[in-house]
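what follows is a predicted protein model with its sequence.
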Amino acid sequence: MPDLITQCTGDPLEIRAHWEQCKICIPQIHLLCAPLLGNSKLNEDGSRSTVRLSLSARITCFRKALESVIVKRDSGELMTLAGHRRMVTELGGIPPDRLLYNLANELGIDWQNFACRMPDKSLIAKAAFRRAGGRGTPRELVSCGWQRARR
């Protein structure tokens, strides 16, 4: 799939038309995020070990999946992608986080579910939790259930 960031140098209407035509050839989110799960490698002694991507490779993979959600404008795929966000890193502050939050705002997703999928103690999780009207911390939302954390 071409990189949206490098494609966005021309006329916006032209770019939008190009991506509307390519919409059918964009893979589903779970296929784009499959490398985030890691791969098994068969060792010489017959055992298996997991091979993980580097952080920069995981961020690139996540960004490409986010670009496909931008093109499709599908809130279901956005929530699936939000579920894959923890596989990139448990830390907050990666470059696609702000874009992910803004896209969630634009598509009008359920902020309670979105906050549960974000890494603990990250700015994006705190912002989503506040947006959902919760008090306390996102960790309480997950451990105690939404209704109890909201009181």
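Received the coordinates, thanks. Numbering: from 1, shown residues only.

after the helix ranked longest in the chain, which helix or strand is next?
Using DSSP state H, we find that the single longest helix of the chain is helix 55-72. Next along the chain after helix 55-72, taking DSSP states H and E as the criterion, comes helix 75-88.

that next one to helix 55-72, inter-axis angle?
Comparing the axes of helix 75-88 and helix 55-72 via axes from the mean of the first three to the mean of the last three Cα atoms, to 10 degrees yields an angle of 180 degrees.

run through who's touching helix 75-88.
With contact meaning Cβ atoms under 8 Å, 6 or more residues apart in numbering, helix 75-88 is reached by 28-30, 33, 36-37, 55, 58-59, 61-62, 65-66, 68-69, 94, 100, 103-104, 107-110, 113-114, 117-119. (Each C-beta comes from the backbone N, C-alpha and C, glycine too.)

from those, which would you call buried?
Listed as buried from the contacts of helix 75-88 are 29, 33, 36, 58-59, 61-62, 65-66, 68-69, 94, 100, 103-104, 109, 114, 117-119; burial here means 16 or more other Cβ atoms under 10 Å.
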